[in-house]
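J.: Sequence plus predicted model, see below.
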Amino acid sequence: MIKKFIRKILGVKDKPARDLTEPIVLGPEEHGIDPKLVSSNAIRVTSSLQEAGFKAFVVGGAVRDLLLGVKPKDFDIATDATPEQVKRLFRRAFIIGKRFQIVHVMFGQDLLEVTTFRGAGEVNAPKDEHGRVLRDNSFGPQHEDAMRRDFTINAMYYDPATQQVLDYHGGIQDIRDKTLRIIGVPEARYREDPVRMLRVVRFAARLGFGIEHSTQAPIAVMAPLINNVPAARVFDEMLKLLMSGHALACLQQLRKEGLHHGLLPLLDVVLEQPIGMKFVTLALESTDNRVKAGKGVSPGFLFASLLWHQVVEKWTAYRAAGESPIPALHLAADDVLDSQTEQLALQRKIASDMRDIWSMQPRFERRSGKSPYKLLEHVRFRAGYDFLLLRCESGEIDMELGEWWTAFYEGDASERESLLTSERAAPAGAKRKRAPRRGPRKGAGAEATAGGNSEE
Ligand code: ATP
Ligand code: MG
C-alpha cells in the first residue's frame, strides 16, 4: 500500500515493468521470418560457434530487415565467445579494432562481423566533457548487450538453428507499429553517442517508420552535440545516409528535425540555398534510383553534386576578378574542398574524385579538334558526363551541350567527325584562348586520373 503510494508520488507508472533481463521468445509461426532470406554463411558462422559450445545469433539490422521481409544487405553475428575464441574457429578470421575488438570472418567475398556481447559499461565508461562515451570495452551477458543497442527494432537476436527470435525490448511490437523507439532514457543515450540522432533519422526515412515521441523530442535541443563527435565518424554516418537509397527523404527528415542546422557544414550549404536545390534534388534522386536498382554509387559524385553550387559561386567570383575560367575553377574547387575537408573529414580519394568531376566541366565546352577525344579517354569521363547531364537537366546550362555530348559519346567514328565539323561553325567556348598553365601540382590535379589517386 505504502509502496503504491510512493510510486504514485514519484510518478512511477503502476504497470509492472517488464524484466529486461529476460527476452520474449518468438517461434517461426509468430515472427514469420522466411529462412530462405538468411545467408548460408551467417548460418555457417552461428552453427560453428554453437557446435563449439557458444551462444550465437544473427543480430541488429539483419533481424530487423528479416522481420520486415527484406533481404538484409549484411549479417552481423553476436556471441558470448571472445574474439580470440571466435578467431580460432574459422580459417579466414581477423580480429580488428583496438578499442573494441570484433572479428571479421570471410567466406570468399562475403564478410561477416562477429561481435562479442557487450556489457553495460556505458554508464561508467570514460566520457568527454559533454558526456559522450569515449571508450568502453567491456564484455557482458546477452541482456546487457541488448540494452546497449540503439533502438528496440535493432536489439533482437535470431537463432537460425531453432528459428527463434529473442526480443528484450519490445522490438517486435515496434516493428508492427512501424515505430522507432530508443532503448533507455533518450537524453542519456543521445548524450552518450550523439550519432544516434542521425541514425534515427536515417532509419525513419529509409523504413518509412514514425519516431516515438520521447525518442524524437530531445533531438531538436540536443542536435548541437553532434559537433563534438569526431568528424570522420559523422562523415561515415552521413555517407550511409546518403547512400541508403533514400537520401532525399533522409535530408528532408534531417531538416524537419532541425538536425541539419549548424550541424554539418555541407548540409547547411545544401539545404539553405534554394538556388542549388533543383540540382541537388536531381542528383539525390538519381543516386536513390541507382541504389534501388542495385547499381553502384560513387561517394565522389555525390559530394561533387552536393557542393557544386558552392563551387559555381566561387568560380564566378574568381572569373569576375579576372581569372581565366579553368584556373578560376581550380581555385574555387580548392576553396570548397579545403573548408569541407577540414570540417567533414572528406577522405582524400573522395576529394580527388570530386576535383576530377568538377574540373572536367569546362572541358565539355570545347567541341573541336582533339579535345573531345581526349576527354572521352578520361578515366572518370562517365562521371563527368553524368554530372554534365545533371547540370543540363537542372537548367544551369543549355540542354544542347548535353545532347551534343550524348551524340558524340554514342556515335561511331564518322558521326563523331561530323559533330566536330558542325561545331567549328558555332564558336561559343571553343575558340577561347588556352588558359595559362598553373603550377605543376594543380595542373596535374586537373588531369588527375587513376594515377592521381593511386597514392591512397
Ligand atoms: P544498416 O542496415 O544500415 O546496416 P544496422 O542497424 O545494421 O543498419 P549498423 O551500423 O550496421 O546498423 O549496426 C549494427 C547494429 O549495431 C545495430 O542494429 C545496433 O543494434 C547496433 N548499433 C550500431 N550503432 C549503434 C550506436 N551508435 N549505438 C548503439 N547501438 C548501435
Ligand atoms: Mg548493418
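T.: Everything's here; your move. Ligands and ions are numbered 1, 2, ... in the order given.

J.: what does stretch 105-113 rub up against?
T.: Outside stretch 105-113, the residues that touch it by Cβ atoms under 8 Å, 6 or more residues apart in numbering are 39, 41-42, 44-45, 74-77, 86, 90, 92-94, 102-104, 114. Any C-beta I mention is one placed from the backbone N, CA and C, and that applies to glycine too.

J.: Kindly apply the preceding question to stretch 38-45 instead.
T.: Stretch 38-45 is touched from outside by 56, 58, 62, 66, 72, 75, 77, 90, 105, 107, 110, 112, 114, 158, 160, with contacts defined as Cβ under 8 Å, 6+ apart.

J.: Quick one: buried ones out of these?
T.: Among the contacts of stretch 38-45, those scoring as buried are 56, 58, 62, 66, 72, 75, 77, 90, 105, 107, 112, 114, 158, 160 (criterion: 16 or more other Cβ atoms under 10 Å).

J.: Which single one of those residues is nearest to residue 403?
T.: The nearest member of the buried ones among the contacts of stretch 38-45 to residue 403, counting by Cβ to Cβ, is residue 72 at 41.9 Å.

J.: Please name the residues that touch that closest one.
T.: For residue 72, the contacting residues are 37, 39, 61-62, 65-66, by Cβ under 8 Å, 6+ apart.

J.: And residue 380, by the same measure?
T.: The contact partners of residue 380, taken as Cβ under 8 Å, 6+ apart, are 353, 356-357, 360, 449.

J.: do the same with residue 87
T.: Residue 87 is in contact with 93-95, 103, counting by Cβ under 8 Å, 6+ apart.

J.: For the residues you listed, which single residue is the most surrounded?
T.: In terms of neighbours by other Cβ atoms under 10 Å, the contacts of residue 87 top out with residue 103 at 26 neighbours.

J.: I'd guess residue 57 is in a strand, am I close?
T.: Yes: counting by DSSP: H, G, I helix; E, B strand; the rest coil, residue 57 falls inside a strand.

J.: For this structure, give me the ranges with low pLDDT.
T.: 1-16, 99, 122-123, 260-275, 341-346, 422-456 (pLDDT under 70).

J.: what's the neighbour count on the closest residue to ligand 1 within it?
T.: Nearest to ligand 1, among the residues of the chain, is residue 61, at 2.1 Å (Cβ to the nearest ligand atom). Residue 61 sits with 16 neighbouring residues when counted by other Cβ under 10 Å.

J.: which non-adjacent residue is nearest it?
T.: residue 154 (6.1 Å; Cβ to Cβ, 6 or more residues apart in numbering).

J.: Report the contact partners of the one you found.
T.: By Cβ under 8 Å, 6+ apart, the contact list for residue 154 reads 60-61, 64, 171.

J.: Show me which of the residues you listed is closest to residue 370.
T.: residue 61 (50.6 Å).

J.: Verify the contact between the closest one and residue 70 for me.
T.: No: Residue 61 is beyond contact range of residue 70, at 10.0 Å (criterion: Cβ atoms under 8 Å).

J.: which SS class is the residue nearest in space to the middle of the chain?
T.: Compute the mean C-alpha point of the chain, and by Cα atoms, centre = their mean the closest residue is residue 240, 1.3 Å away. Secondary structure for residue 240, judged by three-state DSSP, is helix.

J.: Please name the residues that touch it.
T.: Contact analysis of residue 240 by Cβ under 8 Å, 6+ apart lists residue 202.

J.: Go again with 10 Å.
T.: Neighbour list for residue 240: 198-199, 202, 206, 250 [criterion: Cβ atoms under 10 Å, 6 or more residues apart in numbering].

J.: Residue 97 now?
T.: By Cβ under 10 Å, 6+ apart, the contact set of residue 97 is 83, 103-104, 115, 137.

J.: Could you identify which of those has the most neighbours?
T.: Of the contacts of residue 97, with other Cβ under 10 Å as the count, residue 103 tops at 26 neighbours.

J.: hmm, back to that, how about the contacts of residue 380 in JSON lines, adding secondary structure?
T.: Putting the contacts of residue 380 into JSON lines (three-state DSSP) gives the following:
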{"residue": "353", "secondary structure": "helix"}
{"residue": "356", "secondary structure": "helix"}
{"residue": "357", "secondary structure": "helix"}
{"residue": "360", "secondary structure": "helix"}
{"residue": "449", "secondary structure": "coil"}
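
J.: Put the buried members of those into a ChimeraX selection.
T.: The ChimeraX selection below is limited to those of the contacts of residue 380 classed as buried (16+ other Cβ under 10 Å):
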select :353,356,357,360
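
J.: Please convert the contacts of residue 380 to JSON lines, extending it with distance to residue 226.
T.: Shown next, in JSON lines, are the contacts of residue 380 (distance: Cβ to Cβ, whole Å):
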{"residue": "353", "distance to residue 226": "26"}
{"residue": "356", "distance to residue 226": "30"}
{"residue": "357", "distance to residue 226": "28"}
{"residue": "360", "distance to residue 226": "34"}
{"residue": "449", "distance to residue 226": "36"}
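
J.: so which two of the contacts of residue 380 are the farthest from each other?
T.: So for these, where distance means Cβ to Cβ, the most widely separated pair is 357 and 449, at 12.1 Å.

J.: Tell me where the stretch 51-200 of the chain has strands.
T.: With DSSP state E, counting those that start in this stretch as the criterion, the stretch 51-200 of the chain has strands at 56-59, 76-79, 93-96, 102-107, 110-116, 156-159, 164-167, 179-180.

J.: Format those as a markdown table; extra columns: distance to ligand 1.
T.: As requested, the strands of the stretch 51-200 of the chain are arranged in a markdown table below (distance: least, Cβ to the nearest ligand atom, whole Å):
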| stretch | distance to ligand 1 |
| --- | --- |
| strand 56-59 | 7 |
| strand 76-79 | 5 |
| strand 93-96 | 15 |
| strand 102-107 | 11 |
| strand 110-116 | 8 |
| strand 156-159 | 9 |
| strand 164-167 | 13 |
| strand 179-180 | 11 |
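
J.: Take those strands and write them to CSV, including distance to residue 25.
T.: Shown next, in CSV, are those (distance: least, Cβ to Cβ, whole Å):
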stretch, distance to residue 25
strand 56-59, 12
strand 76-79, 16
strand 93-96, 29
strand 102-107, 26
strand 110-116, 21
strand 156-159, 10
strand 164-167, 5
strand 179-180, 21
